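K.L.:
okay, here's the prediction I keep looking at, along with the sequence it came from:
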Amino acid sequence: MIDLLIRGAQLPDGRNVDIAIAGASIAEVAPRIEAEAHEVIEAAGRLVSLPFVDPHFHMDATLSYGIPRINASGTLLEGIALWGELRAVLTPEEVVERALEYCNIAVSKGILAIRTHVDVTDPRLAGVEGLLEVREKVKDVIDLQLVAFPQDGWYRSQGAEENLIRALDMGVDVVGGIPHFERTLADGAASVRAACELAAERGLQVDLHCDESDDPMSRHIETLAAETIRCGLQGRVAGSHLTSMHSMDNYYVAKLLPLIAEAGVAAIPNPLINITLQGRMESYPKRRGMTRVPELLEHGIPVGLGQDCMMDPWYPLGTADMLDVAFMGLHVAQLTSPAQMAQCYGLVTESSAGILGLDWGIEAGKPANLVMLDATTPVEAIRKRATRLAVISRGKVVSRSPAPQAELATGW
Ligand code: FE2
């Protein structure tokens with residue numbers, strides 16, 4: 001007996017199939033499944049895909065917009081300063097409350113895996129304590145990964161390294177860093193080395209805020225790739241943002257891209273935030289500030305698009321909608337051919353799942369994590385930011401939303 005049967009699911013690759021789910025796993029995927037089921041969902045040709053994955057977020061800061069004040073300039077640096085004010089008075093209870101509210105919004109939008117950075121600068125580690133509790137509370141629905149993130153610098157912020165190690169001891173999953181925010185290029189490179197050595201020692205992954213600036217001479221992604229190879233961390237390292245690649249010299253990038261590919265380092269651009277925060281120090285023409293996504297993809301480098309922020313010191317907007325992220329990424333990177341547009345959908349689903357190390361897929365034996373959308377193709381889903389009609393986690397329907405219907409009174 002099947003627990004849940006989805007009939008007539010249109011998969012992102014164009015196949016139309018039935019999907020049988022038993023318990024928390026996919027039991028069978030076939031053009032037609034004749035089986036008794038406790039529950040049947042009629043997809044009727046609608047898109048059913050892997051759920052959305054947000055590979056880069058800040059859950060300790062989300063939904064704090066306006067506390068204690070708003071970011072008047074809208075810049076990255078004022079955001080960091082403002083976050084410093086909030087962080088000093090943060091309690092674990094507040095973090096849990098806001099994060100759980102966010103998780104509900106995320107689930108309703110079909111996000112079932114999130115990698116969140118958690119600031120370890122403050123020795124009280126209130127964010128770490130709060131988000132470890134949240135990870136435990138949501139674990140039956142959301143795969144939540146925590147990155148120990150020294151927001152004010154591994155070396156630049158006194159005690160950050162010790163706090164980061166304490167956070168890992170408490171159960172934080174991934175080693176973070178912010179090399180471009182250290183005092184010097186040399187300190188930044190040393191922090192990359194320290195992060196990779198720590199990850200190798202503990203068998204962890206690395207995800208650094210890396211080269212998040214318009215500085216064409218920022219070179220930390222090069223060090224990250226080299227250290228990944230030296231420490232044997234291939235496939236376990238990601239560079240988030242990489243915005244300076246946008247401004248780098250083409251000759252240098254021609255050498256850099258094969259090095260990133262050789263190291264198996266993944267790239268996590270955050271289009272909504274990168275387009276908003278970069279290029280702030282220039283007049284016209286203004287750089288876009290997002291990294292070179294088409295070129296990364298052409299080199300076979302795994303790319304996942306992240307949301308980064310929602311209603312926090314850095315970004316006043318956001319709806320936890322990874323289709324917004326894909327939409328913005330598609331535009332800024334000019335990924336407009338039919339194949340490239342469809343690929344953008346993959347960047348917020350399977351590609352990001354791969355970067356987080358999740359063994360997901362729409363085939364027998366994989367976890368029954370799926371989303372059904374009010375669209376028939378990935379491109380239509382991006383275009384419409386289609387309603388997530390049903391969200392299924394571990395075989396259970398965890399959210400349903402009706403397709404919106406306008407009541408028109410135009411009279412023609
Ligand atoms: Fe970030």
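P.N.:
Received, thanks.
K.L.:
which element follows the lowest-mean-pLDDT helix or strand in the chain toward the C-terminus?
P.N.:
Least confident helix or strand of the chain, by mean pLDDT, DSSP states H and E, is helix 76-87 with a mean of 91. Helices and strands here follow DSSP states H and E; after helix 76-87, the next one along the chain is helix 92-108.
K.L.:
list the buried residues for that following helix?
P.N.:
Neighbour counts using 16 or more other Cβ atoms under 10 Å place 92, 94-96, 98-99, 102-103, 105-108 of helix 92-108 among the buried residues. Where you see a C-beta, it was placed from the backbone N, CA and C, and this is true even at glycine.
K.L.:
kindly report the same for stretch 307-319.
P.N.:
307-315, 318.
K.L.:
quick one, domains of this protein?
P.N.:
Per the record, the chain has its domains at 2-50+361-400, 52-355, by automatic domain parsing.
K.L.:
mind putting those into CSV with distance to Ala409?
P.N.:
Listed next are the domains of the chain as CSV, based on distance: least, Cβ to Cβ, whole Å:
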stretch, distance to Ala409
domain 2-50+361-400, 22
domain 52-355, 27
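K.L.:
pick the most deeply packed of these.
P.N.:
domain 52-355 (a mean of 21; mean count of other Cβ atoms under 10 Å).
K.L.:
so what would you say the end-to-end distance of it is?
P.N.:
Start to finish, the residues bounding domain 52-355 are 13 Å apart (Cα to Cα, to the nearest Å).
K.L.:
still on that earlier bit, how big is the angle separating the least confident helix or strand of the chain from helix 92-108?
P.N.:
Between helix 76-87 and helix 92-108, the angle formed by their directions is 120 degrees, by axes from the mean of the first three to the mean of the last three Cα atoms, to 10 degrees.
K.L.:
low-confidence stretches in the stretch 151-300 of the chain?
P.N.:
For the stretch 151-300 of the chain, applying pLDDT under 70 flags no range at all.
K.L.:
can you map out the strands along the stretch 51-200 of the chain?
P.N.:
Here the stretch 51-200 of the chain has its strands, by DSSP state E, counting those that start in this stretch, at 52-57, 111-119, 143-149, 174-175.
K.L.:
looking at the ones you listed, which is nearest to Ile6?
P.N.:
Comparison of those against Ile6 by Cβ to Cβ identifies strand 111-119 as nearest, at 15.9 Å.
K.L.:
pick out the residue nearest the middle of the protein.
P.N.:
Nearest residue to the geometric centre of the chain (Cα atoms, centre = their mean): Pro55, 2.1 Å.
K.L.:
that one contacts Ser352, correct?
P.N.:
Yes - between Pro55 and Ser352 there is a contact under Cβ atoms under 8 Å: 4.3 Å.
K.L.:
so what sits against both of the two?
P.N.:
268, 304-306 (Cβ atoms under 8 Å, 6 or more residues apart in numbering).
K.L.:
which of these sits closest to Val128?
P.N.:
Nearest member of those to Val128, counting by Cβ to Cβ, is Gly306, at 20.1 Å.
K.L.:
span of stretch 134-146 from start to end?
P.N.:
By Cα to Cα, the extent of stretch 134-146 from end to end equals 10 Å.
K.L.:
what does it rub up against?
P.N.:
Stretch 134-146 has contacts (Cβ under 8 Å, 6+ apart) with 59, 95-96, 99-100, 103, 106-107, 111-118, 128, 131-132, 171-174, 356, 358, 393-394, 398.
K.L.:
ok, now with 7 Å
P.N.:
Applying Cβ atoms under 7 Å, 6 or more residues apart in numbering, the external contacts of stretch 134-146 come out as 96, 99-100, 103, 107, 112-116, 118, 131, 172-174, 356, 358, 393-394, 398.
K.L.:
distance between that stretch and the chain's centre?
P.N.:
Here stretch 134-146 is found 15 Å from its chain centre; the criterion is Cα atoms, centre = their mean, to the nearest Å.
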